[in-house]
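Enquirer: just a sequence and a predicted model for now, questions to come.
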Amino acid sequence: MKIYVASSWRNPNQGAVVNRLREAGHEVYDFKNPPGRTGFAWQQVDQNWESWTAKEYRENLKQPLAQAGFNSDFGAMKWADACVLVLPCGRSAHLELGWMAGAGKKTVILTKDWEEPELMALLADHICVNFEEVLECLRT
């Protein structure tokens, strides 16, 4: 299966999930290491990105690096059969899972104890509490 892993740069488990899915025989898009390029991070556009105004944020979405990062990730979303959202993560990952759900692709959330509950997680096909459950959901 072709899988898009949605998560956060700050999530220390993201890389392990990518690796374990690959070891299980899946093709996996890794936003941190996309094919043929480096993963997108806002500091590539501006080291002071965290202090942008709303207008600066909107304008910087037009930057070539931001456009290339978006095109890479969105292309992978269209390519994938399924999305695995690895919590905790931020807004972009939730938008990605939402788009995948709306596109009719299989969606799985991998959560753990003490994560903040989210009502709209009910959009996902499965909510898993460990990696073995993720693999089982992807098999069915």
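Expert: All right, it came through fine.

Enquirer: report the buried residues of stretch 22-36.
Expert: Within stretch 22-36, the residues that count as buried by 16 or more other CB atoms under 10 Å are 26, 28-31, 34. Where you see a C-beta, it was placed from the backbone N, CA and C, and this is true even at glycine.

Enquirer: what's in contact with the top helix by length along the chain?
Expert: For the chain, the longest helix by residue count, based on DSSP state H, is helix 64-79. Applying CB atoms under 8 Å, 6 or more residues apart in numbering, the external contacts of helix 64-79 come out as 2, 4, 29, 31, 34, 37, 39-40, 44-45, 60-61, 83, 96, 99-100, 103.

Enquirer: out of those, which are buried?
Expert: 4, 29, 31, 34, 40, 45, 83, 96, 99-100.

Enquirer: quick one: the helices in this protein?
Expert: Counting by DSSP H, the helices of the chain are 14-23, 54-60, 64-79, 91-102, 131-139.

Enquirer: run through this structure and note the low-pLDDT ranges.
Expert: Along the chain, no part satisfies pLDDT under 70.

Enquirer: roughly how far does the most centrally placed residue in the chain sit from Glu118?
Expert: Compute the mean C-alpha point of the chain, and by CA atoms, centre = their mean the closest residue is Ala6, 1.4 Å away. Distance of Ala6 to Glu118, given as CB to CB, to the nearest Å: 14 Å.

Enquirer: again, but for Val5
Expert: Using CB to CB, we find Val5 at a distance of 18 Å from Glu118.

Enquirer: and those two? Which one has more around it.
Expert: Val5 (28 against 14; other CB atoms under 10 Å).
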